[in-house]
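# Starting from these lines, generate the structure:
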Amino acid sequence: MKVEIWSDIVCPFCYIGKRKFENALKDFAQKDKVEIVWRSFQLDPEMVVVPGQSVHEYLGKRKGTTVAEGKKMNDSMSAIAKKIGLVYNFDKAIINNTLDAHRLLHLAKKNGLQNETKEALFAAYYTDGKNIADIASLVDIGERVGLNGIEINTMLQSDEYVNEVQLDQIYAQQIGVQGVPFYVFNDKYAVSGAQPTDVFAQVLNKVWEEEKPVMEIVSAGEFCTPDGVCN
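Residues are numbered from 1 along each chain as shown. Next up, the predicted model:
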């Protein structure tokens, strides 16, 4: 089963949705047969960094309200995250453009470490207050999950994977993605938002039951062929 997930690192519900989906996957009998592909989706692709701007101020401006209201919304989100074991430290979060972080995810996919890199990016931004647009920080994040630091640095100094990030977003528009997280199961079923764990579990089981092979050979014991040979 293939599960494609569109998300952004600076989308708080995307990290929450990741954890809820993983909780459903833990109890899914066929979890070893599930391939997860992280797709790029930038909530603010044209973002220009304002030095010293807090996440609270940024959110307040995006919502057309005050810094205090922005902090109130972030505090509420932190409480939601805490319920599933995530720590959000918005007071020290560094808001930035996520293009290079998404490029790192495409490099990680090539090396079979995409899911680990996604988790590391989320933790770096929400919990550790790391700058996920800083090259040195991205190299460190990548190296911690097993990627080659020199390869990361070389990639970030070029325009490699920029097209891949943009194509993911174009594809999202084509299939009607209005917001993230957005999950697509086997190009057939879609789930929008950080749904409860039991919803993800229901979809996993439904897709598997509908698309598993009609017949599975469970053993290779003695048998006879139509030509009369018995083994």
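# Give me the below-cutoff pLDDT ranges for this protein.
Low-confidence regions of the chain, defined by pLDDT under 70, span residues 213-231.
# Can you list the residue ranges for helices in this protein?
Ranges of helices in the chain, per DSSP state H, are 12-26, 55-63, 67-82, 99-110, 114-126, 135-144, 149-156, 162-174, 197-211.
# Go through the last one and flag the buried ones.
If you call a residue buried by 16 or more other CB atoms under 10 Å, then helix 197-211 has these buried ones: 197, 200, 201, 203, 204, 207, 208. Yep, even glycine has a C-beta here, placed from its N, CA and C like the rest.
# The shortest one too?
Of the residues in helix 149-156, 152, 155, 156 count as buried by neighbour count, 16+ other CB under 10 Å.
# Any chance of those in CSV with distance to residue 28 as columns?
Listed next are these as CSV, based on distance: CB to CB, whole Å:
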residue, distance to residue 28
152, 32
155, 34
156, 35
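# what's the closest of those to residue 187?
Comparing these against residue 187 with CB to CB places residue 155 closest, at 28.7 Å.
# what's that closest one in contact with, if anything?
Residues counted as contacts of residue 155 (CB atoms under 8 Å, 6 or more residues apart in numbering) are 103, 104, 107, 161.
# most surrounded residue in these?
Within the contacts of residue 155, most neighbours by other CB atoms under 10 Å means residue 104, with 27 neighbours.
# Check the spacing between the nearest residue to that residue once chain neighbours are set aside and residue 21 real quick.
Leaving aside its sequence neighbours, residue 104 sits nearest to residue 138 (CB to CB, 6 or more residues apart in numbering; 5.3 Å). Distance of residue 138 to residue 21, computed by CB to CB, to the nearest Å: 24 Å.
# go on, residue 127?
Counting by CB to CB, the gap from residue 127 to residue 21 is 19 Å.
# neighbour-wise, which of these two wins?
Neighbours were counted for residue 127 and for residue 21 using other CB under 10 Å; residue 21 has more, 23 against 16.
# Would you list the phi and psi of residue 195?
Dihedral pair for residue 195: phi -70, psi 160, per degrees, to the nearest 10.
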